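K.L.:
sequence first, predicted coordinates after that:
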Amino acid sequence: MTQHHPDIAAEQEFIDFAYACLERTRADAWKMRGLHEGTLGGTFQARYERDVFDEAVFNRITQLDLGNAALVFGRIDRAVDTDVNDTGDSSSAGVAGGTESFHIGRLAVADENSDPVVVDWRAPIAEPFYRATGRDPLGLVRRRHFHVHGRTLLGLEDELFGGSHLGIGAEHDGAVEGAVGGESAVPARGPEGIRGYSTLLAAIERGRTGQLGDIVATIQGEQDEIIRSPQAGVLVVQGGPGTGKTVVALHRAAYLLYTYRFPLEDQGVLVIGPNRVFLRYIERVLPSLGEAGVEQVILADLVPDVKWARYGVDRADAPLAARVKGDLRMSQVIDKAVSDRERPLRADLVVPFRTGYLRLRADESARIVKTAQRRFRKHNAGRRWVEGEVWAAMAASWRDDAISVTEVRDAVRALPEVRTALERMWPVLTPAELLHDLFGSRALLKLAAARVLSDDEYLSLYRERQADVAEVRWTEHDVALLDEARSYLGVRPSKANGAKADEDEIRTYGHIVVDEVQDLTPMQLRMVSRRSLNGSMTVVGDIAQATGALAPDSWEQVLAHLPTNKPSRVIGLSVGYRIPGQIMELANKVMLAATPGLRAPTSVRAGDEHPEFVRVRSSELLDAVVSATKELDRDVGDGNIAIVVPDAMFDMVSGALEAAGIEHGKATRSGLEMGITVVPVSVVKGLELDGVVVVEPAAIVAGEQQGLRALYVALTRSTKRLTIVHAQPLPAAMV
């Protein structure tokens, strides 16, 4: 027999009070901002200070806007050490019962007297909420988990740590009392080391919304260890599917901004995702934690003077070209390509001037180029100096020594033959112009790649030259090469080509988070490292899910291309929270075939259904996909469904769903905004859905460079139901 938890009403009253305090704080912030809106005049310093103040207040107002997210999600009761006063009497430091309580929430809230009401989850005092165990309670006698929907408390779950002597606990450490839903029956105990198991299950089994949510209320001990890890060097988080590595990395970014606010707000925090579908999926996590100023990008966004397609790059490379472009040797090729554009004249330059001629001898142009190469590390920085030397050499050739360099410059710099000579000797280049010229000429490729690439390798880079560089369709692996070129070319002179210096500068950041890092090539990792101010990074991924052009076999191969300012660390997440055991069992067969040396995560829960296999004839495949989608839609209800397909079948499957009258979205256009979405396997990594239909596993294996790993990714996206529809025989690893 069960009964209502006796503390439900009291805790709901506290939550209501906390929200009232939050609303009062928001109202005060708006009033403070209003005091400065009318002061538009004053000195430049006064206006600047007003703008800084207004920005700070507005950021605070933004942080206080929680939307539908729960403000309070837990409470800790900890024992208070008794003190002995001068008369020898002991006291409980003014706290009744020898304990003190702290409510843990999304952000700190105080009452009108500035006394704390809710403690920010990132504060040191909140750490035991995530770390306490039966063996090491960290001073706690009780940890209470709230099951909250918006402002409504649905249930409580208590964990007691040997506190019976204080009148609130059980007879043994780690006892569980109370249940989600407000019942006092003891809920099912989770696996060892899992805290708040009922609350965790309730959060996991809640329907997906098409966007990743935070886990601030259900962070587990091994996750919290990573989140609160010191900001030093490169931290690698290895985690299999469903271990929460992405949200852990984002929570770590929020924690570091809270803990090191003063330097990091100015230095900036950068989050790099694998594609725009993924970015849309994670875009609400950091704002929900009160951190809206973090930049979230794909690598292509870091190259500003190139136009990209809405959801990424415009086309894909052939396998050999992708491997070559990702190889670190391309750094030497690009360096040489820049040097090859710094050339002396083949013959003397002679131009009319007044009643005679000015001359720039070829050997003098060779001296100018060689000296500029020694003087300037960045190519574009040398252009002004080269021009000045050219004007001086031409002035020296005039028969009248009284002529000035300025007179020569003003007279000849607009002449076509002079402009042509300067463009040959030392052109001002953008990264796009450099690579467009390089890839459009077999001769330039051969010259730049000599003794670095083989004939087949450099010829794989060749493509037909476009009439205008703005029309070039760049690829995913061109991004790092464009950035490499930028690092050699440097800032263009401010008046050349209408360029702005800040477009050419490579910005650095105080902390960088990289997701799915195992898919980045050495050149892409080099691009990321170039943006690190101090070597502080959190990089997360799973070697078993590496599907890139140069997939690594170990983390050492990844770390070799990241900053080494301080020692790196590799921490593993061993528990899978999202994927049911039955689905994980199938996926693990594929993982063991793809990466025999790796260990799969342990799933903490069993699902309701085993994966379903639907074998049909080729002519019936699309009809079977439609039927499977309809069935999942009925079973999953309000959850999200993905139909994961080989890239080549993307339009075909979408067309079949449309013909059947099934409203759906395309991941490459709308992310996961629709309840049903067709997702190419190439962009499914990192996403999670309630139900997944995987279409034609054999075609996925055949169509991807790391086929079995790509299939492993596809099979590990569902939190509830998985259906495999196929006409071709299944890969041996799945049988």
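P.N.:
Nice, I can see it.
K.L.:
lowest confidence element among the helices and strands of the protein?
P.N.:
Every helix and strand of the chain was ranked by mean pLDDT, DSSP states H and E. The lowest is strand 90-91, at a mean of 32.
K.L.:
and whatever helix or strand comes next after it, how far out from the chain's middle?
P.N.:
Beyond strand 90-91 on the C-terminal side, the first helix or strand identified by DSSP states H and E is strand 99-105. On the basis of Cα atoms, centre = their mean, to the nearest Å, strand 99-105 sits 33 Å off its chain's mean C-alpha point.
K.L.:
so what strands line up beside strand 99-105?
P.N.:
Sheet pairing here is set by DSSP bridges, and for strand 99-105 it gives strand 72-79 (antiparallel), strand 116-120 (parallel).
K.L.:
okay, stretch 472-484 in PDB with CA atoms only?
P.N.:
Provided in PDB are the C-alpha atoms of stretch 472-484 (Å, rounded to 0.1, in the frame of the first residue of the first chain):
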ATOM      1  CA  VAL A 472      33.600  28.000 -56.800                       C
ATOM      2  CA  ARG A 473      31.800  25.200 -55.000                       C
ATOM      3  CA  TRP A 474      34.000  24.300 -52.000                       C
ATOM      4  CA  THR A 475      34.000  21.000 -50.200                       C
ATOM      5  CA  GLU A 476      34.100  20.000 -46.500                       C
ATOM      6  CA  HIS A 477      37.800  19.300 -46.700                       C
ATOM      7  CA  ASP A 478      38.600  22.600 -48.400                       C
ATOM      8  CA  VAL A 479      37.700  24.400 -45.200                       C
ATOM      9  CA  ALA A 480      40.900  23.600 -43.400                       C
ATOM     10  CA  LEU A 481      42.900  24.300 -46.500                       C
ATOM     11  CA  LEU A 482      41.400  27.700 -46.800                       C
ATOM     12  CA  ASP A 483      42.200  28.400 -43.200                       C
ATOM     13  CA  GLU A 484      45.700  27.100 -43.600                       C
END
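K.L.:
quick one: buried residues of that stretch?
P.N.:
Residues of stretch 472-484 classed as buried under the neighbour-count rule (16 or more other Cβ atoms under 10 Å) are 472, 474, 475, 476, 477, 478, 479, 480, 481, 482, 483, 484. Any C-beta I mention is one placed from the backbone N, CA and C, and that applies to glycine too.
K.L.:
contact partners of it?
P.N.:
Surrounding stretch 472-484, the residues in contact under the criterion Cβ atoms under 8 Å, 6 or more residues apart in numbering are 299-300, 302-303, 306, 308, 312-317, 321-322, 325-326, 330-331, 334, 431-432, 435-436, 466, 506, 521, 523-524, 526-527, 530, 549.
K.L.:
and that stretch, how far out from the chain middle?
P.N.:
Mean-position distance between stretch 472-484 and its chain equals 19 Å (Cα atoms, centre = their mean).
K.L.:
and what of stretch 457-468?
P.N.:
Here the centre of stretch 457-468 is set off from its chain's centre by 31 Å, with Cα atoms, centre = their mean.
K.L.:
rounded mean pLDDT for that stretch, please.
P.N.:
Averaging the model's pLDDT scores along stretch 457-468 yields 94.
K.L.:
one step back: now the buried residues of stretch 472-484 as JSON lines including distance to residue 664?
P.N.:
Output for the buried residues of stretch 472-484, formatted as JSON lines (distance: Cβ to Cβ, whole Å):
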{"residue": "472", "distance to residue 664": "33"}
{"residue": "474", "distance to residue 664": "30"}
{"residue": "475", "distance to residue 664": "28"}
{"residue": "476", "distance to residue 664": "26"}
{"residue": "477", "distance to residue 664": "31"}
{"residue": "478", "distance to residue 664": "32"}
{"residue": "479", "distance to residue 664": "30"}
{"residue": "480", "distance to residue 664": "34"}
{"residue": "481", "distance to residue 664": "36"}
{"residue": "482", "distance to residue 664": "35"}
{"residue": "483", "distance to residue 664": "36"}
{"residue": "484", "distance to residue 664": "40"}
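K.L.:
keep only those of the residues you listed that are in helices.
P.N.:
478, 479, 480, 481, 482, 483, 484 (DSSP state H).
K.L.:
and those, which is closest to residue 595?
P.N.:
Distance ranking of those against residue 595, using Cβ to Cβ, places residue 480 first at 25.0 Å.
K.L.:
secondary structure element for the closest residue to that closest one other than its chain neighbours?
P.N.:
Spatial nearest neighbour of residue 480, chain neighbours left out: residue 523 (4.0 Å); criterion: Cβ to Cβ, 6 or more residues apart in numbering. Using DSSP H and E, residue 523 sits within helix 522-529.
K.L.:
go on, residue 710?
P.N.:
Taking DSSP H and E as the definition, residue 710 sits inside helix 707-715.
K.L.:
and residue 279, by the same measure?
P.N.:
Per DSSP H and E: residue 279 is located in helix 276-282.
K.L.:
what's the answer for residue 654, then?
P.N.:
Going by DSSP H and E, residue 654 is in helix 650-659.
K.L.:
stretch 120-130: which residues count as buried?
P.N.:
Counting neighbours by 16+ other Cβ under 10 Å, the buried set in stretch 120-130 is 120, 121, 122, 126, 128, 129, 130.
K.L.:
give me the residues contacting that stretch.
P.N.:
74, 76, 78, 102, 104-108, 119, 137-140, 143, 195, 216, 219-221, 223-224, 228, 254-255, 258-259.
K.L.:
narrow the residues you listed to those in helices?
P.N.:
Per DSSP H, these map to helices at 221, 223, 224, 254, 255, 258, 259.
K.L.:
what about residue 378, which SS state?
P.N.:
coil (DSSP: H, G, I helix; E, B strand; the rest coil).
K.L.:
please give me every residue in contact with it.
P.N.:
Taking Cβ under 8 Å, 6+ apart, we find residue 378 in contact with 488, 489, 490, 491.
K.L.:
buried subset of the residues you listed as a ChimeraX selection?
P.N.:
Here is the ChimeraX command that selects the buried residues among the contacts of residue 378 (16+ other Cβ under 10 Å):
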select :488,489,490,491
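K.L.:
wait, which of the contacts of residue 378 is closest to residue 371?
P.N.:
Residue 371 lies nearest to residue 490 out of the contacts of residue 378, by Cβ to Cβ, at 17.6 Å.
K.L.:
quick one: that closest one and residue 504 touch, right?
P.N.:
Yes: using Cβ atoms under 8 Å, residue 490 is in contact with residue 504, at 6.5 Å.
K.L.:
joint contacts of those two?
P.N.:
With Cβ under 8 Å, 6+ apart, residue 490 and residue 504 have common neighbours residue 380.
K.L.:
now do the strand or helix carrying residue 583, average pLDDT.
P.N.:
Assigned by DSSP H and E, residue 583 falls within helix 581-594. Mean pLDDT, helix 581-594: 90.
K.L.:
now do stretch 509-516
P.N.:
Rounded mean pLDDT across stretch 509-516 is 96.
K.L.:
which one's the longest helix in this structure?
P.N.:
helix 8-37.
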